[in-house]
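S.K.: Generate a structure from the sequence data that follows.
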Amino acid sequence: ETMPPKQRKSKPSKTELERIKREDDERRAAEEEDLRRQQEKEEEERREKEQQEREEREKHQAVEKERFDAEKKELDEIEKKHEAALNKLKTEQKVKAKWDRYMRCDGCPDPSVERELNTYVSLWNDDMGVKEIGQVLRECEQAKQLGVELMGVVAWDEDMSERERNRHSKSIAMLERMQEDRLDLATLHLLQFAELHVNEDSGNLEVTENSDSIAFCLWGNAAKNPRIKSFGFEARSFTFDIPKQLSLANVAIRLMITQYDHLSPLCRLYRLGTQKKQKQSAVEKEPTDETDREAENQNESRAISSSDVAESSDDRQLTTETEAEVTDDTSHGENAVTHTVAAEADNSVVGAAESELQPGEVEDEQKTEISGGGSDGDNNEGSDNDLLDDEDVVDLRQHRAVGGIIHFSLLDIPPQPKTINNWTIRQIVKPELVYLQFPGDNSGRNTAASTGKGKDSGAGLSPWVPFSISMKLPDDVFFAEEPQIAHWEPNQMCWRMDGITESSVNNEDRTMSFKTHHFASMGLFIDQYAHMPFQSWRILPVSRDSVVLSVTTASLDIEIQVKGSDCCLTKPDDLNEIKHFRGKWMKLEELKEALVKAGLNIFPCEDGDKYVSVSSKDFSLEMSTYHLMSVMSPSIAFSLSHWNTEASQDQIIIRACEAQTHKPPKEEDWKTFLSATRSGELKIDEDSDEFSDELAENVETHPDIFNVFKPSASSDALQRIRMASSDFVDCVHRLLTSTRLIVYS
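M.R.: I've put the predicted structure just below:
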């Protein structure tokens, strides 16, 4: 069978194709038009909805603002009342302090009055006669008290001009230099008349004297006994090795322990401004200013070259022959000193030992101008960065010296008198105390060797081995960690830890031992953030105008009671280091100073977040919260919430509850609150699974936590808040802003 032929499909004509295309275009256009109209309708509905929501939100905000403004009125009235009363109180205190100072009539000048201070300084400089060391220490104590009083004036007078502050700072530095010069002169007299203070048993010069803030100990090697290996100032529990070379040399060792630190403020790292400059872009600096140039010239002029030493030695022999003072046995009032190392011994070992002892610049800060300190140090940004990068330099923003400063000096003994019949022949030398550098001490002081002027008297000789020092740790300092020992470097104006080895602490007898090449000023340094961050804190009202702040650190519990404008440390109650001020009522500033000196620092510095992990918060919000807490503290208890670390920077989470003054709150009374621009009680508690800033049910937002509590607070609680004294509220506020509990916990 044959297949039928295939039928061909007719091909659309051109006209038909055009018609189909036209119909598709019309249908597509209709769909797009419908879609456009639908979108326009939806957009219009969305705009209308947004407009309606905006109007409702603005209306709600207007109502809320009106309510917030109304709620703030009472708080504003309380704040204005406290501010007015506090200003009046401060004015009265200034007037009373000025009158009390005028009526003291104790012979001490008012250091804030320039004319009186200048008269005191002039009389001090004119009174350069020989005095007993005990009297010198009493005079230095008086000068130190004037400096402390002047620092108090600067700290308390907020209206003082910058020019006047600078003048007072220079006066404080001048008083410190006066004490140093007077102590040097007294030391010189003791060395010059060493025969009057020789210990009969050892044959060496031994002097020990104390005042309230200065301990003075002096040992002079008069016997030159090679068998002596060490010596200790028993009164200070301070023992040091005496190398054989020193045991044969004409030297003295002076130990002075001051209960104040006037060296650290000279360091460029002491002030916050220095480290802030690291974060700024580098700017071109002016050449060294006149003050720096003068300081350099003074440093250069102090350097004594080896050639000068040799000339001085020759001059000493010549002077002995031509300028001998012949005096009676009872006459010993002249000041005499040598600028050279004694070379009187015939033994060759003695000669070698003394040739290695390099007379240099006054060993540490005692002859360093204050202009080289921190205030002018900011002019040298490169040097600041070098110090910050040097691992051996103590960062004074993180570490603090405790227990006073130890001034350990190696001195040259002036030529001693010779007695012939009933006559005493004493050599006349320049009235200056000569400090010696221990061979092997590479501290870089301005000696003949370090400045390159003349020949190093110790050239070609091996450095001596370091000597050991053992000392008792201060009884009034708590050490949470082992302290670090550092020495003062006068050229760099900083504390350094190099050159000190084999440091160890015996906790049983509280002693520290180490080896060093340095005869220098030394200090014990601790980490001032060792007690931070805080583990917990709580502030509770205990009676009218009285609260207790409890802070738990990693090692102990600290409790401070505030009553009126005074504070008292009540815990820890088993720590012997603080027994001298525990339970003693004092002003907040005095308590802060006492705690810091005792190694219990709970007061972070402005840049403390560099050294402690903190909960970063908006600073203005943080300060505002402290202010509200202080106002509410007569009736409301506050505590740490661990959710605070989970909240954002513009949110502060704390626990609080109304507290009765006669009993502590129960655990179920505590609630969690949000302090922010819109504050309120939160739904979460400390046992919740996760953080949420959702407010509790049926709770309104308020402008601050004061108004959060106000609706539910008892009338008695509100009355205690309204009647709180202004000085009490101010004291609590300053305590909270000093500890910064919200951030450092």
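
S.K.: Can you get me a residue count around Asn506?
M.R.: Number of residues near Asn506 (other CB atoms under 10 Å) recorded here: 12. In short, each C-beta sits where N, CA and C put it, glycine included.

S.K.: ok, now how distant is it from Asp574?
M.R.: Distance of Asn506 to Asp574, computed by CB to CB, to the nearest Å: 21 Å.

S.K.: next one: the longest strand seen in the chain to chain centre, how far?
M.R.: Taking DSSP state E as the criterion, the chain has its longest strand at strand 399-412. Its chain's average C-alpha position is 17 Å from that of strand 399-412, according to CA atoms, centre = their mean, to the nearest Å.

S.K.: what is the rounded mean pLDDT of whatever helix or strand comes next after that strand?
M.R.: Later in the chain than strand 399-412, the nearest helix or strand by DSSP states H and E is strand 418-420. Mean pLDDT, strand 418-420: 85.

S.K.: Then stretch 98-109?
M.R.: Mean pLDDT, stretch 98-109: 82.

S.K.: ok, and for that stretch, which residues are buried?
M.R.: Residues of stretch 98-109 classed as buried: Pro109 (neighbour count, 16 or more other CB atoms under 10 Å).

S.K.: same check, this time on stretch 682-692
M.R.: Across stretch 682-692, burial judged by 16+ other CB under 10 Å covers 682, 684, 691.

S.K.: Compute the first-to-last residue distance for that stretch.
M.R.: 8 Å (CA to CA, to the nearest Å).

S.K.: List the contacts of that stretch.
M.R.: Contact partners of stretch 682-692, identified using CB atoms under 8 Å, 6 or more residues apart in numbering, comprise 641-643, 646-647, 653, 655, 670-674, 693-697.

S.K.: Filter the residues you listed down to the buried ones and hand me the PyMOL line.
M.R.: Here is the PyMOL selection string for the buried members of these, based on 16+ other CB under 10 Å:
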select buried, resi 641+643+647+653+655+670+671+672+673+674+693+695
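
S.K.: what residue ranges in the stretch 401-550 of the chain score low on pLDDT?
M.R.: 440-463 (pLDDT under 70).

S.K.: Ok, the chain next?
M.R.: 1-10, 273-385, 440-463, 661-662.

S.K.: Tell me the helices and strands packed up against the top helix by length along it.
M.R.: Longest helix in the chain by number of residues (criterion: DSSP state H): helix 14-102. Packing partners of helix 14-102 (3 or more CB pairs under 8 Å, 6 or more residues apart in numbering; DSSP states H and E): helix 619-632, helix 705-709, helix 726-739.

S.K.: okay, the next helix or strand after the shortest one in CSV with CA atoms only?
M.R.: Moving toward the C-terminus from helix 705-709, the first helix or strand encountered (DSSP H and E) is helix 715-723. Presented in CSV, the C-alpha positions along helix 715-723 are these (Å, rounded to 0.1, in the frame of the first residue of the first chain):
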residue,chain,number,x,y,z
SER,A,715,6.3,58.0,101.4
ASP,A,716,9.0,57.4,104.0
ALA,A,717,11.5,56.6,101.3
LEU,A,718,10.7,59.7,99.3
GLN,A,719,10.9,61.8,102.4
ARG,A,720,14.4,60.5,103.2
ILE,A,721,15.5,61.3,99.7
ARG,A,722,14.1,64.9,99.9
MET,A,723,15.6,65.5,103.4
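
S.K.: Off-centre distance for helix 715-723?
M.R.: On the basis of CA atoms, centre = their mean, helix 715-723 sits 39 Å off its chain's mean C-alpha point.

S.K.: Show me which residues of that helix are buried.
M.R.: By neighbour count with 16+ other CB under 10 Å, helix 715-723 contains the buried residues 717-718, 720-721.

S.K.: which other residues reach it?
M.R.: The contact list for helix 715-723, computed with CB under 8 Å, 6+ apart, reads 78, 541, 544, 631-632, 634-636, 658, 661, 710.

S.K.: buried set for stretch 227-244?
M.R.: For stretch 227-244, burial by neighbour count (16+ other CB under 10 Å) applies to 228, 231, 233, 236, 238-243.

S.K.: just stretch 416-424 next, same as before
M.R.: Neighbour counts over stretch 416-424 (16+ other CB under 10 Å) mark 416-417, 424 as buried.

S.K.: Going by distance to Asp527, which of those wins?
M.R.: Gln416 (47.4 Å; CB to CB).

S.K.: I'd say the closest one and Ala194 touch.
M.R.: Yes. Using CB atoms under 8 Å, Gln416 is in contact with Ala194, at 6.3 Å.

S.K.: overlap in contacts of the two?
M.R.: Ala222.

S.K.: ok, back up a step: how about a markdown table for the buried residues of stretch 227-244, with secondary structure added?
M.R.: Shown next, in a markdown table, are the buried residues of stretch 227-244 (DSSP: H, G, I helix; E, B strand; the rest coil):
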| residue | secondary structure |
| --- | --- |
| Ile228 | coil |
| Phe231 | strand |
| Phe233 | strand |
| Arg236 | helix |
| Phe238 | strand |
| Thr239 | strand |
| Phe240 | strand |
| Asp241 | strand |
| Ile242 | coil |
| Pro243 | coil |
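
S.K.: Can you name the two of the residues you listed that sit furthest apart?
M.R.: The most widely separated members of those, counting by CB to CB, are Arg236 and Pro243 (21.1 Å).

S.K.: Contacts for whatever helix or strand Lys592 lives in, please.
M.R.: Assigned by DSSP H and E, Lys592 falls within helix 588-597. By CB under 8 Å, 6+ apart, the list of residues contacting helix 588-597 from outside reads 155, 400, 402, 476-477, 528, 560, 565, 567-569, 578, 581, 586, 601-603, 731, 734-735, 738.

S.K.: Got a quick ChimeraX command for the buried subset of those residues?
M.R.: In ChimeraX, this line selects whichever of the contacts of helix 588-597 come out buried by 16+ other CB under 10 Å:
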select :400,402,476,477,528,560,565,567,568,569,578,581,601,602,603,731,734,735,738
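
S.K.: Strands - which of the contacts of helix 588-597 land there?
M.R.: Using DSSP E, the members of the contacts of helix 588-597 that fall within strands are 400, 402, 560, 567-569, 586.

S.K.: from the residues you listed, which is closest to Glu116?
M.R.: Among these, and counting by CB to CB, the member closest to Glu116 is Met586, at 28.1 Å.

S.K.: List the contacts of the closest one.
M.R.: 566-568, 594.

S.K.: Closest to Glu33 out of those?
M.R.: Closest approach between the contacts of Met586 and Glu33, by CB to CB: Cys567, at 80.5 Å.

S.K.: Now do the closest one against Ser546, distance only.
M.R.: 11 Å.

S.K.: For these two, list the residues in contact with both.
M.R.: Gln561.

S.K.: if you look at the contacts of stretch 682-692, which of them are in strands?
M.R.: Secondary structure assignment by DSSP E places 653, 655, 671-674 of the contacts of stretch 682-692 in strands.

S.K.: For these, please prepare a markdown table with the additional fields distance to Arg496.
M.R.: Formatted as a markdown table, these follow (distance: CB to CB, whole Å):
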| residue | distance to Arg496 |
| --- | --- |
| Ile653 | 44 |
| Arg655 | 46 |
| Lys671 | 53 |
| Thr672 | 49 |
| Phe673 | 49 |
| Leu674 | 48 |
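
S.K.: which one of those is nearest Glu141?
M.R.: For these, the nearest to Glu141 is Arg655 (48.9 Å; CB to CB).

S.K.: Hmm, that closest one is touching Trp643, no?
M.R.: No. Using CB under 8 Å, Arg655 is not in contact with Trp643; the gap is 9.1 Å.
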